[in-house]
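Q: Generate coordinates for the sequence data below:
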Amino acid sequence: MRKLVCSRSGQISLRVAFAAAVLAAIVACVPPLRAQATPSSPSPKSAGAACDRACLEAITTKYLEAMVAHDPSRAPLAANVKYSQDNVPLQIGDALWATASSIGTYRHFFADPERGDVGVIAVVYENGVAGILIARLKVENHTITEAEQFFAHDPNGSAAYEKAGKPNPLWLKPIPPELRQTREALEQAAYMYYEAISKNDGRGIYAFTDDCERTEDGVLTTNRPRPQNYGHSDSDISDFTMMPCKQQYALGFLGFTTGCRDRRYLVVDVERGAILASAFLDFDGTVTEMDLTDGRKWKVPPYFMTPRTNMSNEAYRVENGTIRLIEMTMYEVPFNITSPYVKP
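A: Residues are numbered from 1 along each chain as shown. As a prediction, this is how the structure comes out:
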């Protein structure tokens, strides 16, 4: 994983097409960073390479089925598997392993056969109540050595996912080999997306395609035909969901986000130009009113006037350095929490 160390003015702030030369310049200005990556990430020549996409997805399905059955023997788990849920290190059998009751229809896989990484966004029922599971597995020699998962207790979002039934087909479409970007370029696109959130003043040039779409907890939050309340916002900003991705960021509406920490790239799917990422979004409660770029003065809702941290798990479909699809799940966690997969 990479972390930008240039000054903000030297980061070029998300060029529209992310032209290859610009991207190369950005990447060139930073040394490789792996401090926030999963510590045990194997090299490209690791045993994980022996398990292709179909193999990784099959192992993930076995993991889900074993969890629902409350029977670890049904999954190829290493004896010393590292397991966590919602950033808390646990033992297999704890948390969702004790309460999962069935698997829903929606499953969106991400695979990196070169490194043995696989991820999934899926609906899982916990004692009959639907929630959204985001999981990352590390597979070595066809054995799961790490299982990291997040669970959003969101019946409404889960219902939206179940209604869709499957991901937008574009997510699953391979990028032509001659147009595929490097792992580092995909990570950089995700990094700059997070930069746009944490420094959303509306003055950047944001790298979204004109037809970019974003869903949050299964609900479309861009290009909607009619106004709709957004998150904890009120009717004063209900037109936000009618805007395309680029216009939303140009509004400067997300400026009440005061931090974007522990950015991690869980699975980089080079074949599909997709990346499953994770970060903590902080709202320290000090931003209570904002001047939007269209002249409106917007009062931040009470929810964000006290210190809060949200767990953000997001997937991006990147084409030619520009983000076309975003699939986000977000829920509240203890303020200023850290990840067990990030070194202090």
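Q: Quick check: mean pLDDT of the host helix or strand of Glu184?
A: Under the criterion of DSSP states H and E, Glu184 resides in helix 183-198. For helix 183-198, the mean per-residue pLDDT is 92.
Q: how far away is Pro344 from Thr338?
A: For Pro344, the distance to Thr338 (Cβ to Cβ, to the nearest Å) stands at 8 Å. In this view, the C-beta of every residue, glycine as well, is placed from N, C-alpha and C.
Q: Pick out whichever of those two has more residues nearby.
A: Thr338 (13 against 4; other Cβ atoms under 10 Å).
Q: Which pLDDT value goes with that one?
A: Thr338 is given a pLDDT of 93.
Q: Spell out the secondary structure type for the residue located most distally from the centre of the chain.
A: Most distant residue from the mean C-alpha position of the chain: Gly295, 31.3 Å away (Cα atoms, centre = their mean). With DSSP: H, G, I helix; E, B strand; the rest coil as the basis, Gly295 sits in coil.
Q: partners of Thr309 in the sheet?
A: Taking DSSP bridges as the rule, Thr309 bridges to Asp282, Val333.
Q: I'd say it and Glu332 touch.
A: Yes. Counting by Cβ atoms under 8 Å, Thr309 does reach Glu332; the two are 7.2 Å apart.
Q: okay, these two: which has more neighbours?
A: Remark: of Thr309 and Glu332, Thr309 carries more neighbours, 19 against 12, as counted by other Cβ under 10 Å.
Q: give the contact list for the more buried one.
A: Phe280, Leu281, Asp282, Phe283, Glu332, Val333, Pro334, Phe335, Asn336, Ile337 (Cβ atoms under 8 Å, 6 or more residues apart in numbering).
Q: Pull up the gap between it and Ala196, please.
A: 19 Å.
Q: can you list the weak-confidence ranges in this structure?
A: 1-49, 229-236 (pLDDT under 70).
Q: in it, which spans are helices?
A: Per DSSP state H, the chain carries helices over the ranges 20-28, 53-69, 96-99, 155-164, 183-198, 245-250.
Q: Mean neighbour count and distance to Thr215 added to those, as a markdown table?
A: Shown next, in a markdown table, are the helices of the chain (neighbours: other Cβ atoms under 10 Å; distance: least, Cβ to Cβ, whole Å):
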| stretch | mean neighbour count | distance to Thr215 |
| --- | --- | --- |
| helix 20-28 | 15 | 26 |
| helix 53-69 | 18 | 21 |
| helix 96-99 | 18 | 23 |
| helix 155-164 | 17 | 8 |
| helix 183-198 | 21 | 15 |
| helix 245-250 | 22 | 11 |
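Q: closest to Tyr265 out of these?
A: helix 183-198 (5.0 Å; Cβ to Cβ).
Q: Do I have it right that Asn168 meets Arg324?
A: No. Asn168 is beyond contact range of Arg324, at 9.9 Å (criterion: Cβ under 8 Å).
Q: Name the nearest residue to Asn80, sequence neighbours excluded.
A: Nearest residue to Asn80, sequence neighbours excluded (Cβ to Cβ, 6 or more residues apart in numbering): Thr145, at 7.7 Å.
Q: neighbours around the one you found, how many?
A: 19.
Q: That one contacts Tyr83, doesn't it?
A: No. Using Cβ under 8 Å, Thr145 is not in contact with Tyr83; the gap is 10.2 Å.
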